[in-house]
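In: below are the sequence and a predicted model; questions follow.
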Amino acid sequence: MTDRTHFDGVLIIGAGLAGLSAALAAAPRRALVLSAAPLGTGCSSAWAQGGMAVALSDGDAPALHGADTIAAGAGLCDPEAVAILTREGPDAVRRLASLGAPFDRTGDGGFVQGLEAAHGRARVARVGGDGAGKAIMQAVIAAVRDAPTVEIREGVRARRLLTDRAGRVRGALVEAADGSLTEIVAPATILATGGLGGLYAVTTTPREVRGEGLALAALAGAAIADAEFVQFHPTAMDLGLDPAPLATEALRGEGAKLVDRGGARFMPRYHPAAELAPRDVVARAIESERRAGRGAFLDAREAIGEAFAHEFPAVFAAAMAAGLDPRRQPIPVAPAVHYHMGGIETDADGATTLAGLYAAGECASTGAHGANRLASNSLLEAAVFGTRAGRAAALAADPGTGLLAATAAPDLPDGALQSLRRAMSQGAGVVRDGAGLRRLLAEISALEAAHGRALPLVAARLVAEGALARRESRGAHFRADYPQLGAPIRSRVTLSPAPAAAAA
Ligand SMILES: Cc1cc2nc3c(=O)[nH]c(=O)nc-3n(C[C@H](O)[C@H](O)[C@H](O)COP(=O)(O)OP(=O)(O)OC[C@H]3O[C@@H](n4cnc5c(N)ncnc54)[C@H](O)[C@@H]3O)c2cc1C
């Protein structure tokens, strides 16, 4: 027996920076935030290392930040989304600072700004060198716990969106830790479920982040945009851990070099910007060196050396825990899934193509990242567009029409999930081709036949079908069988919603 409750406010699924920013912005309207894991865990936001890109220094400007964002996006950025992101970024960072996020400061009280790949200026606001995500999330979590308008439920996972006959989204069917199911009916629902790294065998994201919001929206009939664009972080530490710990981009910004097993630098052979080339170029170069048997290592001994422990404490701790001292040894690195540019299509206020449904953060596709995200633009997107979605969703009213019956999406047993992860890394990885993508789709179909349309399978299919349909190479999507650039067209897919009976 499924319970039903009514919540007269904004239902937010996901408690990373996007979900919590939306919850604060919805005030004075009430917000109910559901998090699959305890707050501050199971979300990429708390793992972010580098920081937030914002034009705050003399000589920088939102337009320059926007131009770098558009250049990285390889022809697919939506200029309006980019303008909003870069224009509203400085206020978003000041707002987070006012909540207590301890950004690194200059002597005169300004923000320390670091340089990262493909940025024309040093513009990444950092916290404690490489601790941005954890510190920002601590401040935001404290703020939502204090906010009288925000209610938080941890250990609760969304298993289906509720819809009515008009196709409007009316809340979600959710599962508590004890397995009980409840329909939460609400006038507005925001999906803020993050990316999909957990669909791949090698990822830098928490394993729990596996495209479930994308799948929930797609199954309800929302348009999904650019699903094939998955960004691989070039320098995950290859130390045999799952997820793979990240060696932040900022290390290369500080001068660390990529070398092969013999100690020779290889990036100058691949791109004039060498170690600071766009992520996809660096990821493919590392993949190619590894496939050629030469290996790939990040050598920070000369550029950072003894300062490593205090300048990059999180990376240092992860390396030391695995028995590698980055002050004395080059770090073995490999590309790992890191970010999803595509997602649930939204407008500038987070509205999806379905009435009553909003999306924000990594699960959304605002068009701000195009075919490739510029480093440190995603925490920013979560804060800026999470806030906009929260404000817009707070205006929604309950139409009071009858709901359609909803059944929970089936579970995917762990063994099947691990098969899917291996198949995704093989078939939809850094370098793709038609034959590999067709093998991957056959594997997904076999898993669907055995286990039903589980949410990770729906999300994986969206990525694989998008990648098969895109017969060109652009940004983070590289097809060995179509290496050339085609027309700059965003992709858009809508699944037909499953037929459902009317409920009481
Ligand atoms: C190691 C690492 C380093 C990074 N470094 C940076 C950086 O320096 N700068 C930068 O800009 N970006 C960085 N990123 C990317 C950035 O952290 C993310 O893109 C961003 O934090 C996404 O925020 P979000 O709120 O959309 O999702 P997340 O923070 O991932 O939160 C998703 C939430 O959804 C919940 N959830 C998922 N599915 C369900 C479900 N079915 N039901 C209920 N809840 C669900 C999860 O429990 C979680 O609470 C990094 C990412 C990683 C992994």
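Out: Yep, that arrived.
In: if you count neighbours, what's buried in the longest helix along the chain?
Out: Across the chain, the longest stretch assigned as helix under DSSP state H is helix 79-98. The neighbour-count criterion (16 or more other Cβ atoms under 10 Å) identifies 81-90, 92-97 as the buried residues of helix 79-98. Bear in mind the C-beta positions are built from the backbone N, C-alpha and C, glycine included.
In: what's the closest of the residues you listed to Cys363?
Out: For the buried residues of helix 79-98, the minimum distance to Cys363 (Cβ to Cβ) is 15.2 Å, reached by Ala81.
In: so what's Val150 bridging to?
Out: Here Val150 sits in beta bridges with Ala31, as judged by DSSP bridges.
In: please apply the same query to the one 10 residues further on.
Out: With beta bridges defined as DSSP bridges, Arg160 has these partners: Leu173.
In: re the thing from before, avg pLDDT for the longest helix of the chain?
Out: Averaged over helix 79-98, pLDDT sits at 98.
In: do stretch 263-281 as well
Out: Stretch 263-281 carries an average pLDDT of 93.
In: what about that stretch, start to end distance?
Out: 20 Å (Cα to Cα, to the nearest Å).
In: that stretch near the ligand at all?
Out: No: using Cβ under 6 Å from any ligand atom, stretch 263-281 stays clear of the ligand, with a minimum separation of 11.6 Å.
In: residues of that stretch that come out buried?
Out: Burial within stretch 263-281, assessed by neighbour count using 16+ other Cβ under 10 Å, is assigned to Phe266, Met267, Tyr270, Ala274, Glu275, Leu276, Ala277, Pro278, Arg279, Asp280, Val281.
In: secondary structure of Gly240: a helix, I assume?
Out: No: in this structure, Gly240 is coil, not part of a helix, as judged by DSSP: H, G, I helix; E, B strand; the rest coil.
In: find the nearest non-adjacent residue to it, please.
Out: Leaving aside its chain neighbours, Gly240 sits nearest to Ala322 (7.7 Å; criterion: Cβ to Cβ, 6 or more residues apart in numbering).
In: okay, now that neighbour: neighbour count?
Out: 15 (other Cβ atoms under 10 Å).
In: measure Glu254 to Ala321 for me?
Out: Summarising the geometry, the distance separating Glu254 from Ala321, computed by Cβ to Cβ, to the nearest Å, is 22 Å.
In: again but with Arg294, I slipped
Out: Relative to Ala321, Arg294 is positioned 27 Å away (criterion: Cβ to Cβ).
In: what's the answer for Ala460, then?
Out: Computed with Cβ to Cβ, the distance linking Ala460 and Ala321 is 31 Å.
In: pLDDT weak spots in the protein?
Out: Of all residues in the chain, those with pLDDT under 70 make up the ranges 496-504.
In: just the helices from it, written as ranges.
Out: Along the chain, the stretches classed as helices by DSSP H are 17-26, 62-72, 79-98, 132-146, 212-220, 249-253, 279-291, 308-311, 313-321, 378-393, 414-427, 434-451, 455-469.
In: now the ones you listed in a markdown table, with distance to Gln484?
Out: Below are the helices of the chain laid out as a markdown table (distance: least, Cβ to Cβ, whole Å):
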| stretch | distance to Gln484 |
| --- | --- |
| helix 17-26 | 35 |
| helix 62-72 | 19 |
| helix 79-98 | 24 |
| helix 132-146 | 37 |
| helix 212-220 | 28 |
| helix 249-253 | 28 |
| helix 279-291 | 15 |
| helix 308-311 | 41 |
| helix 313-321 | 37 |
| helix 378-393 | 28 |
| helix 414-427 | 21 |
| helix 434-451 | 15 |
| helix 455-469 | 16 |
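In: looking at the ones you listed, which one is packed in the most?
Out: Comparing the helices of the chain on average neighbours per residue, with mean count of other Cβ atoms under 10 Å, the densest one is helix 17-26 at a mean of 30.
In: now that one against helix 212-220, angle please.
Out: 70 degrees (axes from the mean of the first three to the mean of the last three Cα atoms, to 10 degrees).
In: got the residues of the stretch 1-150 of the chain near the ligand?
Out: When proximity is defined as Cβ under 6 Å from any ligand atom, the stretch 1-150 of the chain approaches the ligand at 13-19, 34-37, 42-45, 47-52, 132-133.
In: whichever residue of the stretch 251-400 of the chain sits closest to the ligand: neighbour count?
Out: Here the stretch 251-400 of the chain gets closest to the ligand at one residue, Gly361, 2.2 Å apart by Cβ to the nearest ligand atom. The burial metric for Gly361, expressed as a neighbour count using other Cβ under 10 Å, is 34.
In: check whether stretch 459-479 contacts the ligand.
Out: No: counting by Cβ under 6 Å from any ligand atom, no contacts exist between stretch 459-479 and the ligand, the nearest distance being 10.4 Å.
In: quick one: terminal-to-terminal distance for that stretch?
Out: Chord length of stretch 459-479, first to last residue, is 20 Å (Cα to Cα).
In: show me where the stretch 251-400 of the chain has its strands.
Out: Secondary structure of the stretch 251-400 of the chain (DSSP state E, counting those that start in this stretch): strands located at 257-259, 297-299, 331-340, 343-345, 357-359, 364-365.
In: could you provide those in a markdown table, with additional columns for distance to the ligand and mean neighbour count?
Out: Listed next are the strands of the stretch 251-400 of the chain as a markdown table, based on distance: least, Cβ to the nearest ligand atom, whole Å; neighbours: other Cβ atoms under 10 Å:
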| stretch | distance to the ligand | mean neighbour count |
| --- | --- | --- |
| strand 257-259 | 19 | 22 |
| strand 297-299 | 15 | 21 |
| strand 331-340 | 6 | 26 |
| strand 343-345 | 9 | 28 |
| strand 357-359 | 9 | 32 |
| strand 364-365 | 8 | 30 |
